[in-house]
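Undergrad: For reference, the sequence and a predicted model appear below.
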Amino acid sequence: MKVIVFGGDGFCGWPCALNLSAKGHDVIIVDNLSRRNIDNELECESLTPIRPIGERIKVWKELTGHTI
């Protein structure tokens, strides 16, 4: 099944995308990255550093062979 995860870069969206991908679904992430942009504008970092979405997608594919 093709699935769109809105907010896929976020705290809940990313784990949902991973779970659906692991189950064999075709996952598309849609996210405007507004939280990351706010952090950049304020020149601050999240208390829990999160790697950029591109890096996480690349590692996911390397580990599982699934594409998000």
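TA: Looks like it came in fine. Residues are numbered from 1 along each chain as shown.
Undergrad: biggest helix in the protein by residues?
TA: Ordering each helix of the chain by length in residues (DSSP state H) puts helix 53-64 first.
Undergrad: Tell me which residues of that helix come out buried.
TA: Residues 53, 56, 57, 60 are the ones in helix 53-64 that count as buried (16 or more other C-beta atoms under 10 Å). The way it works is simple: take the backbone N, C-alpha and C, and place the C-beta from them, glycine included.
Undergrad: pLDDT of that helix, averaged?
TA: Averaged over helix 53-64, pLDDT sits at 92.
Undergrad: got the CA coordinates for it in CSV?
TA: Provided in CSV are the C-alpha atoms of helix 53-64 (Å, rounded to 0.1, in the frame of the first residue of the first chain):
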residue,chain,number,x,y,z
ILE,A,53,16.0,13.7,7.4
GLY,A,54,18.2,12.9,4.3
GLU,A,55,20.8,11.2,6.5
ARG,A,56,18.2,9.1,8.3
ILE,A,57,16.5,8.0,5.1
LYS,A,58,19.9,6.9,3.7
VAL,A,59,20.8,4.9,6.8
TRP,A,60,17.3,3.3,6.8
LYS,A,61,17.8,2.1,3.2
GLU,A,62,21.3,0.8,4.0
LEU,A,63,20.0,-1.1,7.0
THR,A,64,16.8,-2.5,5.6
